[in-house]
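# The following comprises the amino acid sequence and a computationally predicted model.
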Amino acid sequence: MTNSRKVAALVLPLVASACNPAMSVNGMQKREPVFVADSARDGNAVIACVSAAWLKLGGATPKSVPRENGAMLVLGDTFPMLMIETTPTATGTHVIMHQFKTMRAGSDRNRVEEVRACL
């Protein structure tokens, strides 16, 4: 295989994934959540706790994004692999977690446990 074919073989899946609307924040929000819960904690406290926990697990650095009503934490360099959304409620915070399913998605199961531990 020539070098140009090797490069094409590596780049083509990335280009295809960039065109896939499911691999965006809006696309992730349309997916079935992998975890939904309510917390008595403030949304910013939940985001800070989850971010610190995911950082300890290694990999990409989570990015906190303010929303009109709440906050969002996104994990993934090129496209979101994991995402939590927080929305304030009268008693605390509503938390929704989405995960882009991949072959290695099973290795991200402990990231759900980290979210649960931060509630």
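That came through, no problem.

# Listing request: residues of the protein with sub-threshold pLDDT.
Residues of the chain meeting the criterion pLDDT under 70: 1-23, 101-109.

# you'd agree residue 72 is in a strand?
Yes - under DSSP: H, G, I helix; E, B strand; the rest coil, residue 72 falls within a strand.

# for it, what are its contacts?
By CB atoms under 8 Å, 6 or more residues apart in numbering, the contact list for residue 72 reads 25, 64-66, 83-86. Where C-beta positions appear, they are placed from N, C-alpha and C, glycine not excepted.

# Pull out the buried residues from the residues you listed.
Buried members of the contacts of residue 72, scored by 16 or more other CB atoms under 10 Å, are 83-86.

# and of these, the nearest to residue 110?
residue 84 (14.4 Å; CB to CB).

# about what we covered before: now intersect the contacts of residue 72 with the helices, please.
Counting by DSSP state H, the contacts of residue 72 place residue 25 in helices.

# Could I get the contacts of residue 72 in a markdown table, plus columns for distance to residue 114?
Putting those into a markdown table (distance: CB to CB, whole Å) gives the following:
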| residue | distance to residue 114 |
| --- | --- |
| 25 | 20 |
| 64 | 15 |
| 65 | 18 |
| 66 | 21 |
| 83 | 14 |
| 84 | 10 |
| 85 | 16 |
| 86 | 15 |
